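Asks: Give me a model of this one.
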Amino acid sequence: MNLETAIELFRQSIMNALLLVTPILGTTIAVGLSVSLGQAVTSIQEQTLSFAPKLFAVGGVLIASSAWLMKTLMNFTITVFQKISEIGLY
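Replies: The predicted structure is shown next:
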């Protein structure tokens, strides 16, 4: 295996992982922050209150961005399959 090819594939996989998880994590952080702010304003100290809004928000983001997520994953998979000839066994 060529070292440059291995490093490039590793870099692409890390970048794709970060790119794909960003909308989900961003939504979770935003919803969690807004629910926590609402709890602080109303003095409600229920720990399980933020779970349901996060669940529905992440589900909505996954549904809304599923086409983009699949397109990105498919492009990465195609790139990896095209580089198989460069990797070689020895």
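Asks: Give me the residue at the spatial middle of the protein.
Replies: Val21 (1.1 Å; C-alpha atoms, centre = their mean).
Asks: pLDDT value on that one, please?
Replies: If you check Val21, the pLDDT there is 96.
Asks: can you check Phe76 too?
Replies: For Phe76, pLDDT reads 94.
Asks: now swap in the one 3 residues further on and tell me
Replies: We note a pLDDT of 90 for Thr79 in this prediction.
Asks: and it, what does it touch?
Replies: By C-beta atoms under 8 Å, 6 or more residues apart in numbering, the contact list for Thr79 reads Gln12. C-beta: built from backbone N, CA, C; applies to glycine.
Asks: do you know how far it is from Thr5?
Replies: Here the criterion is C-beta to C-beta, to the nearest Å. By it, Thr79 lies 11 Å from Thr5.
Asks: ok, back up a step: any idea whether the residue nearest to the centre of the chain is helix, strand or coil?
Replies: Following DSSP: H, G, I helix; E, B strand; the rest coil, the label given to Val21 is helix.
Asks: so which strand or helix has Asn45?
Replies: Wrong residue type there; residue 45 is Gln, not Asn. Using DSSP states H and E, Gln45 sits in no helix or strand.
Asks: okay, now the nearest residue in space to it that is not next to it in sequence: neighbour count?
Replies: Nearest non-adjacent residue to Gln45, counting by C-beta to C-beta, 6 or more residues apart in numbering: Gln39, 6.8 Å away. Residues near Gln39, counting by other C-beta atoms under 10 Å, number 15.
Asks: Quick check: Gln39 touching Glu46?
Replies: Yes - using C-beta atoms under 8 Å, Gln39 is in contact with Glu46, at 7.3 Å.
Asks: what are the C-alpha coordinates of stretch 25-40, in PDB please?
Replies: The C-alpha trace of stretch 25-40 is given here as PDB (Å, rounded to 0.1, in the frame of the first residue of the first chain):
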ATOM      1  CA  LEU A  25     -24.500  17.300  16.800                       C
ATOM      2  CA  GLY A  26     -25.300  21.000  16.000                       C
ATOM      3  CA  THR A  27     -29.000  20.200  16.300                       C
ATOM      4  CA  THR A  28     -28.600  18.400  19.500                       C
ATOM      5  CA  ILE A  29     -26.500  21.200  21.000                       C
ATOM      6  CA  ALA A  30     -28.900  23.900  19.900                       C
ATOM      7  CA  VAL A  31     -32.000  22.100  21.200                       C
ATOM      8  CA  GLY A  32     -30.300  21.100  24.500                       C
ATOM      9  CA  LEU A  33     -29.200  24.700  25.000                       C
ATOM     10  CA  SER A  34     -32.600  26.100  24.300                       C
ATOM     11  CA  VAL A  35     -34.300  23.500  26.600                       C
ATOM     12  CA  SER A  36     -31.800  24.200  29.400                       C
ATOM     13  CA  LEU A  37     -32.400  27.900  29.000                       C
ATOM     14  CA  GLY A  38     -36.100  27.300  29.300                       C
ATOM     15  CA  GLN A  39     -35.600  25.200  32.400                       C
ATOM     16  CA  ALA A  40     -33.400  27.900  34.000                       C
END
